[in-house]
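J.: Following is a predicted model, sequence given first.
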Amino acid sequence: MIATGSSQARHRSSSLWLDRFDGSLAPRPPLAGDLQCDVAIVGAGFTGLWTAYHLATLQPGLRIVVLEREIAGHGASGRNGGWAIGGLSGTPAAYGCAPGDERVARAVRATHQAVDEIGAVAAREGIDCDFVKAGALTLATSAPQWRRLQARDGDATAAADRGDSDGHLLSATEAGELVAGVPGLHGGRFTPHAARIDPARLVRGLAEACERHGVTIHEQTAVTTIEPGRVSTATGVVAADAVIRATESYTTQLHGERLRYLPLYSLMIATAPLEASVWAQLGWRDGLLVDDRHHLFFYAQRTSDGRIAIGGRGAPYRLAHPIDPANERNEGVRARLVATIARTFPAAAGAEITHHWGGPLAAPRDWSMSVNYDRASGMGSAGGYTGHGVAAAQIAGATLADLVLGRDSDLVTLPWVGHRSRRWEPEPLRFLASRAIVGTLGAADRHEDATGRADLRVRLLRAFLPPAH
Ligand SMILES: Cc1cc2nc3c(=O)[nH]c(=O)nc-3n(C[C@H](O)[C@H](O)[C@H](O)COP(=O)(O)OP(=O)(O)OC[C@H]3O[C@@H](n4cnc5c(N)ncnc54)[C@H](O)[C@@H]3O)c2cc1C
């Protein structure tokens, strides 16, 4: 298929990162006929590409084919906030870990190593993805937010059992040394296990690194069915000993998989590059990632070209079209993010907003990720990272590679290997639950900001909420 300018323009409009990507976004050739290989991977996001990368570097000569419906990085991997952050995705209980289970500490260590591994591979493969490991700061800008942060760190043993042992609380003065002038700051929490990246440069660079190691990538190739030993498309069938599904939120579009995840949209905006004098007033340490403890929290990074890129949840779930380009922008969320910049980083209030975009991520019913591989059928999959996919997909890819190759590594005994989340409630219950979650969390935030008191309605929804609430 001929790459048209309009298809590249469409991909560039998917995120700030793809827009300012200085390489070509012209699609690689699609699959043109039947093929035979050792491993077929569906999806060229971080999960699929890390799996391919680790397989290809562990066993050179393995015939690996990646099939991607659009282009590498079209999904969440080319659109996210660029937070490569350690920490447990999900809860130890969901993985069947009792208090004191050593697998929790091991899992958390593995996520920390994943952050470093991203930096190491980027350096080794010459991927210039703006990797700066300067840590992440969570701000508490109200008394209830501060109490939530303190509760999280207050009991060291309980925190370790939850996999939360990697950060420490900061007073408002200490937090202000990392980002200055945040109004109403009560304190913060800092973790060193976090790095800022440019997601598009990482995912596109990873695709090129895979090719250098012998992986074949076919873009503009939609997979219609995934079965043991074969993957079918409109233009051919790929027969393979191992088949890996790496389609995260888009898995819900595959036959019989609709309720595997809740496809949640996270939306972002970016300012134009800010003047050096504004950055001086903001006192924002370079590379530092910043978020807060609102229920509908924001996450932000200072980009390498001097913008604030900031995102948050709260886009309404649409029953008829849970995944649709129309969900990628939302005036309400955009306005909330603009207001967040003005309230939290006043020196940047009124900055021009040049980009607004979003994408779907996969939330499993228990908010806990999984990596699965069945040796008998050769079928594997990974996903459900909720907001932790940048680092988690690196671990998942390395783990899938070990599972496929039968390597008896530490990774294959981590708690999420073999984990299966139960499915979401059938529609319209899932729709109602997700609308109720967003509505209640937004109302709770407004109440807390106005009164300085916790909103107890959130507790009513606890059965549906991720662990941090
Ligand atoms: C706006 C936003 C901000 C986020 N911020 C962060 C963050 O800062 N830190 C963090 O850790 N996580 C973040 N996440 C989550 C993270 O980006 C994802 O968890 C992660 O990128 C998932 O990677 P993946 O490869 O599994 O899925 P994806 O990147 O979604 O890739 C799946 C790929 O499969 C392809 N595909 C789907 N169906 C088919 C098919 N039938 N045939 C062929 N190909 C198919 C898609 O086109 C896509 O390219 C964010 C997500 C979003 C949307």
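T.: Nice, thanks for sending it over. Numbering: from 1, shown residues only.
J.: got a list of what whatever residue of the stretch 251-400 of the chain ends up closest to the ligand touches?
T.: Here the stretch 251-400 of the chain gets closest to the ligand at one residue, residue 389, 1.9 Å apart by C-beta to the nearest ligand atom. Bear in mind the C-beta positions are built from the backbone N, C-alpha and C, glycine included. Going by C-beta atoms under 8 Å, 6 or more residues apart in numbering, residue 389 touches 46-47, 76-77, 80, 248, 361, 383.
J.: what's near enough to touch the closest residue to residue 24 other than its chain neighbours?
T.: For residue 24, ignoring the flanking residues on the chain, the nearest one in space by C-beta to C-beta, 6 or more residues apart in numbering is residue 8 at 7.5 Å. Residue 8 sits next to 24-26 when contact means C-beta under 8 Å, 6+ apart.
J.: Residue 8: which element?
T.: Assigned by DSSP states H and E, residue 8 belongs to helix 5-12.
J.: following that helix, which helix or strand comes up?
T.: Past helix 5-12, the next helix or strand by DSSP H and E is helix 16-19.
J.: surely residue 242 meets residue 376?
T.: No. Applying C-beta atoms under 8 Å as the test, residue 242 and residue 376 come out as separate, 11.4 Å apart.
J.: just to revisit the earlier point, filter the contacts of residue 389 down to the ones in strands?
T.: Counted as lying in strands by DSSP state E, out of the contacts of residue 389, are 361, 383.
J.: In PyMOL, select just the buried ones from the contacts of residue 389.
T.: Buried subset of the contacts of residue 389, written as a PyMOL selection, criterion 16 or more other C-beta atoms under 10 Å:
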select buried, resi 46+47+76+77+80+248+361+383
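J.: Report the two of the contacts of residue 389 separated the most.
T.: 80 and 383 (13.9 Å; C-beta to C-beta).
J.: Looking at the contacts of residue 8, spot the one nearest the ligand.
T.: Using C-beta to the nearest ligand atom, the contacts of residue 8 come closest to the ligand at residue 25, 12.7 Å.
J.: Can you tell me the closest non-neighbouring residue to residue 260?
T.: Leaving aside its chain neighbours, residue 260 sits nearest to residue 251 (5.6 Å; criterion: C-beta to C-beta, 6+ apart).
J.: what does residue 92 give?
T.: Spatial nearest neighbour of residue 92, chain neighbours left out: residue 104 (4.8 Å); criterion: C-beta to C-beta, 6+ apart.
J.: Show me what the strand or helix carrying that neighbour is packed up against.
T.: Element membership of residue 104, judged by DSSP H and E, is helix 102-125. For helix 102-125, the elements it packs on are strand 83-85, helix 156-162, strand 194-196, helix 199-212, helix 389-405, judged by 3 or more C-beta pairs under 8 Å, 6 or more residues apart in numbering; DSSP states H and E.
J.: Give the partner strands of the helix or strand that that helix is followed by in its sheet and their orientations.
T.: Next along the chain after helix 102-125, taking DSSP H and E as the criterion, comes strand 136-140. With DSSP bridges as the test, strand 136-140 is paired with strand 187-191 (antiparallel), strand 289-292 (parallel).
J.: among these, which is the most enclosed?
T.: The highest mean neighbour count among these, using mean count of other C-beta atoms under 10 Å, belongs to strand 289-292: a mean of 24.
J.: about what we covered before: need the CA coordinates for the helix holding residue 104. CSV is fine.
T.: Taking C-alpha atoms only, helix 102-125 is exported to CSV below (Å, rounded to 0.1, in the frame of the first residue of the first chain):
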residue,chain,number,x,y,z
GLU,A,102,8.5,-12.3,49.1
ARG,A,103,7.2,-12.2,45.5
VAL,A,104,5.8,-8.7,46.2
ALA,A,105,9.2,-7.3,47.0
ARG,A,106,10.7,-9.1,44.0
ALA,A,107,8.0,-7.8,41.7
VAL,A,108,8.5,-4.2,42.8
ARG,A,109,12.3,-4.6,42.4
ALA,A,110,11.6,-6.0,38.9
THR,A,111,9.6,-2.8,38.0
HIS,A,112,12.5,-0.7,39.3
GLN,A,113,14.9,-2.6,37.1
ALA,A,114,12.5,-2.2,34.1
VAL,A,115,13.0,1.6,34.3
ASP,A,116,16.8,1.1,34.2
GLU,A,117,16.5,-1.4,31.4
ILE,A,118,14.6,1.0,29.3
GLY,A,119,17.4,3.5,29.7
ALA,A,120,20.0,0.8,29.1
VAL,A,121,18.4,-0.5,25.9
ALA,A,122,17.9,3.0,24.6
ALA,A,123,21.6,3.8,25.2
ARG,A,124,22.7,0.5,23.6
GLU,A,125,20.5,0.8,20.6
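J.: if we can go back for a sec, can you add distance to residue 436 and pLDDT and give the contacts of residue 389 back as JSON lines?
T.: Listed next are those as JSON lines, based on distance: C-beta to C-beta, whole Å; pLDDT from 0 to 100:
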{"residue": "46", "distance to residue 436": "31", "pLDDT": "98"}
{"residue": "47", "distance to residue 436": "30", "pLDDT": "98"}
{"residue": "76", "distance to residue 436": "24", "pLDDT": "98"}
{"residue": "77", "distance to residue 436": "29", "pLDDT": "98"}
{"residue": "80", "distance to residue 436": "26", "pLDDT": "98"}
{"residue": "248", "distance to residue 436": "24", "pLDDT": "97"}
{"residue": "361", "distance to residue 436": "19", "pLDDT": "94"}
{"residue": "383", "distance to residue 436": "24", "pLDDT": "98"}
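J.: For the contacts of residue 389, could you give me CSV that also reports distance to residue 114?
T.: Shown next, in CSV, are those (distance: C-beta to C-beta, whole Å):
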residue, distance to residue 114
46, 11
47, 12
76, 17
77, 14
80, 15
248, 16
361, 17
383, 15
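J.: In helices only, show me the contacts of residue 389.
T.: 46-47 (DSSP state H).
J.: So which of the contacts of residue 389 reach the ligand?
T.: By C-beta under 6 Å from any ligand atom, the members of the contacts of residue 389 lying near the ligand are 46-47, 76-77, 80, 248, 361, 383.
J.: Pull out the buried residues from the helix or strand where residue 51 lies.
T.: Using DSSP H and E, residue 51 maps to helix 46-58. Buried residues in helix 46-58, defined by neighbour count with 16+ other C-beta under 10 Å: 46-57.
J.: count of residues packed around the residue nearest to residue 92?
T.: With neighbours defined by other C-beta atoms under 10 Å, the count for residue 104 comes to 24.
J.: mind listing what the helix or strand harbouring residue 359 pairs with, with the direction of each?
T.: Per DSSP H and E, residue 359 falls inside strand 353-363. According to DSSP bridges, strand 353-363 forms sheet pairs with strand 262-271 (antiparallel).
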